Each structure stands twice: as structure tokens, then as C-alpha cells.
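1. Sequence and computational prediction follow.
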Amino acid sequence: MSDLPRIFAALSDPTRLAIVERLMRDGELPVATLREESEISAPAISRHLNVLIRTGLVRKRARAQQRLYSVVPETIRAVSSWTLDHRTFWEASLDRLEAELHKEMSRK
């Protein structure tokens, strides 16, 4: 997925990560609800949400006067898949390293 660097960059900000985690936990929410647990201004929350929308992590829809935000499951799935693939690689590498260390220790 070519957007992964941008997605990880967006999630590297603690406020944006907290927004995504809140939306994953609570589902679709209006911006006012997202601001309840935050001490940042409405314009700042809007800027963070716009970054998340541009990276494809969050979508926005209108319901009357309200704007509702939700996580894009496909993007979260792509990030999860990437991390799981790399986890498998690192676990296998660490298992090989452990086996080599055990061999080396048994030679002494």
C-alpha cells in the first residue's frame, strides 16, 4: 500500500491517534463529541480530522446540520495486515537468532 507512509505519519500525532482510537471504540461521532475529551480548540480538531480524511483513515458524512466522523475499515485493515506481515518476519528472525545463541552457548 503506497499510502502507508502518510498513514503512519498521520497516526504519529498523539491527538490524531486518540481520535482514531476513539472512533474505533465508539463508532461514528460528531465533532462536538470528539472535542469533549480534548483540550484543543474546534479549529485544531477540524485540522486533525482533515488530515485523517486526506489519508483515508476517517470519513465524514452529513446528517442535517451535523458532521459525523467514522473510521474507514479498509484502511485500518490494510495497516493491520502490513503490521501482521512484519510481525511474522520479526518473530521468525528472533527465533533464528535465539536458536543461534543457544548453539553458541552449548559450544562453550
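-> All right, it came through fine.
2. where's the residue nearest the centre of the chain relative to Glu91, distance?
-> Residue closest to the average C-alpha location in the chain (C-alpha atoms, centre = their mean): Leu11, at 5.2 Å. Using C-beta to C-beta, to the nearest Å, we find Leu11 at a distance of 23 Å from Glu91. In short, each C-beta sits where N, CA and C put it, glycine included.
3. residue ranges with poor pLDDT in the chain?
-> 1 (pLDDT under 70).
4. Can you list the buried residues in the helix ranked longest in the chain?
-> Counting residues, the longest helix in the chain under DSSP state H turns out to be helix 73-107. By neighbour count with 16 or more other C-beta atoms under 10 Å, helix 73-107 contains the buried residues 75-76, 78-79.
5. what's next to stretch 14-34, contact-wise?
-> Applying C-beta atoms under 8 Å, 6 or more residues apart in numbering, the external contacts of stretch 14-34 come out as 10-11, 37-38, 40, 42, 44-46, 48-49, 51-52, 57-58, 61, 66-71, 76.
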